[in-house]
Structure formats: structure tokens, C-alpha cells
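*Asks:* take a look and give me a structure for this.
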Amino acid sequence: MGARPLIQFPILAAALLRLCCAAVVAIAAVAAAGAQPREVRAGAFVTSVSDIDASEGTFRIAFYAWFHDPAGRFELERDLYIVARSVTIAETTVEPSPDGGTYTFARIEAYADQEFDFRDFPFDRQRLTLRMEASENTDALRFAPDLEDSHVSEYLTLIGWRVEGMAIETAEHVYETNFGYWQGRGDAFAQLLLTVEVARVRSPVFIDDFLGFTFAFVVTALTFVVSCTELGLRVGMTTGSLFAAVTNLVRLDDAVGFKPAFGLVDRLAFLIFGAIVTSLVISLATHRLAKRGDPDRANRLDTALGLTNLGVYLALIAWTMRGAW
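*Replies:* Numbers count the residues shown, from 1 in each chain. Coordinates of the predicted model:
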């Protein structure tokens, strides 16, 4: 009878060990389920925007950035990836914050890619956006934008552009690859989007950018003042209109630096060329009618068709320009 406790002791010890292990696993599971990603508060003060190059699809931006991590683990060059062609980080300082975390401050300059929208050129507005991405997924690290202290410098100026404001926002980016690693496909990563909004400076004279188009339309209108029997003069005036319109189109395309998508300039050119061609067709038709022996009737028809042609195209031009100015 005295040997039985010795026999049962290993069994009891094993049972207690299993219970301890189960408790540790349960506690770890609860801790993992309740773990929250650390949130780093980030802000920016933009000091410079330059080298806006539409043909290359790039721009350059310089700004001061700060990151407040209550957990005190944030390291700028380790935890942040700046999506740009080239990046320079300088004047980096790290100091403790009152809540026991860390405050990181640095000056950053980036040469970044940009998808420009020239549909309203030369009255276009652009949102120059720099993306900064966390090196850990959203289960571990998220950003919170410092909206109150993020601004653009009042001294920032751009030749040919007007700065209209800035924004700092957060987003998430999902990679559909694990980069050859055996896990992580489909992970989401927090992003900071630093955006500077700029608008192209406009001439105080509305027609300054479209002087050739305006001249072409006016000369086209004046062709209907000339008698339809003067076909040679009218064709010469139409040729001058066509030359002025083509010159204006080429000048504006050169200002962009490349041939953009079918935008405001192309729509206006299409309408101006349409008005010129239609007026030429009217001139040929009424001239033929005049040669048949009824010049008075031909001139009346020419005036009516000319006014209709000009009115229709002028309305279409106004509709095209409705949201540009």
C-alpha cells in the first residue's frame, strides 16, 4: 500500500505539466488575438516643389516629416519606404516623447513619378502625390495623419503654377505576391499619401492661349461678308484660318512637352477645323449656285448657312469651355 503514491506521482506530474502547457498556449492565443497594430502619428511640412516634368512624368518635392510612435520602436529608414525614383533623407533626429514613445524628425527630398491629367490643359490642375509605405503589414503598423500641423510653406512658389493647398491621407496597398517568400501573399501595407495641389497660372487675357484659334474663327466668319462669287478670295481667307489654327495647336502641344490624351485643346482644334471645313463647303456650294445664274439667291443662302454654321460651332465651343475657366 505504501508504494502506490510513488507509482502515481509521475502520472500526476505529467497531467499538471499538460495543464500548464495548455494554459500558456491559451494565454498566448488570447494575447495574440487582442494585440493591436501600433499606430504612428505622421505629419509633413512641404517647403519646395520643383522640376514638374510632364514629358518624363516626374516632379521633385522637399519637406520636413515627423513620426510619433507611442511604442518607441519607429526607425525612419527601417520602417518607411518612400515610393520614388530617388530619395534623400537628412537632418534626422530622434528624441523621447512625454508619453514614453519616440519623436522622429527628418528632412526628406524625393524625385517621384506622377501621372499627369492634361484633359483641361492649359487650364489644368494637378495633384502631385508622393507615397510613403510602412515596411510592416497593417497587422503590425498603421499610420495616423497629423492634419492639424501638416501644411505647405507660404513661401513656396512655382514658375507657371499656383499652389492651392496640400493634403496628407492614409491608404492601404495590397501586394499580390509574396516576393518569393513562403508566406505573406495578399498582405496589406499602410501608406501615407502626401499631396500638393497646383493649378497652372492663367493669362489675364482669356484668349491668350487660344489666339490662333480665335483668329481662325474670326477670319472664317469674315469669309461670309465676302460675296460667294469671290471664291478665290474666300479660299485664301480659309487657308489663312487653317494656318493660324494649326500653328496654335502645335504651340500648345509643344508647351505640354508631348502629345497628351484627347483633351480640351484637341476638342477645340477639332471644332475650329470643323468650322473652317464647313465654311469652305458652303462657299463651294453657293459659288456653284451663283454660277448657274442666280447670285442674289446664292448670297442669301450663303449668309443663312454661314450664320447657322458659326452659331452652331460657337455654341459647341462655349459648351466645351464651360468648365475650364
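*Asks:* correct me, but His151 touches Phe63?
*Replies:* No. Here His151 lies out of contact with Phe63, judged by Cβ atoms under 8 Å, at a distance of 10.1 Å. C-beta here means a position set from N, CA and C on the backbone, and glycine is covered the same way.
*Asks:* residue ranges of the strands in the stretch 101-250 of the chain, please?
*Replies:* 102-113, 125-137, 141-145, 151-152, 161-174, 188-200 (DSSP state E, counting those that start in this stretch).
*Asks:* bridged to the residue nearest the centre of the chain, which residues?
*Replies:* Most central in the chain under Cα atoms, centre = their mean is Arg127, positioned 4.3 Å from the mean C-alpha point. Taking DSSP bridges as the rule, Arg127 bridges to Glu197.
*Asks:* quick check, it in contact with Thr195.
*Replies:* Yes. If you go by Cβ under 8 Å, Arg127 and Thr195 touch, sitting 5.2 Å apart.
*Asks:* still on that earlier bit, what sits against the residue nearest to the centre of the chain?
*Replies:* 195-197 (Cβ atoms under 8 Å, 6 or more residues apart in numbering).
*Asks:* so for stretch 153-167, first residue to last residue, what's the gap.
*Replies:* When the termini of stretch 153-167 are compared using Cα to Cα, to the nearest Å, they are 13 Å apart.
*Asks:* for the record, mean pLDDT for it?
*Replies:* Mean pLDDT, stretch 153-167: 90.
*Asks:* ok, the closest residue to Gln126 other than its chain neighbours - contacts?
*Replies:* Distances taken as Cβ to Cβ, 6 or more residues apart in numbering place Val198 nearest to Gln126, at 5.3 Å, with adjacent residues excluded. Val198 is in contact with 49, 52, 125-126, 128, 158, 161-164, counting by Cβ under 8 Å, 6+ apart.
*Asks:* any idea how far Val198 lies from Val152?
*Replies:* As for Val198, its distance to Val152 is 10 Å (criterion: Cβ to Cβ, to the nearest Å).
*Asks:* residues shared between the contacts of these two?
*Replies:* Joint contacts of Val198 and Val152 (Cβ under 8 Å, 6+ apart) are Val163.
*Asks:* just want the angle from the longest strand seen in the chain to strand 102-113.
*Replies:* The residue-count maximum for a strand in the chain (DSSP state E) belongs to strand 38-53. Calculated by axes from the mean of the first three to the mean of the last three Cα atoms, to 10 degrees, strand 38-53 forms an angle of 30 degrees with strand 102-113.
*Asks:* report the distance from strand 38-53 to the chain centre.
*Replies:* Relative to its chain's centre, strand 38-53 lies at 15 Å (Cα atoms, centre = their mean, to the nearest Å).
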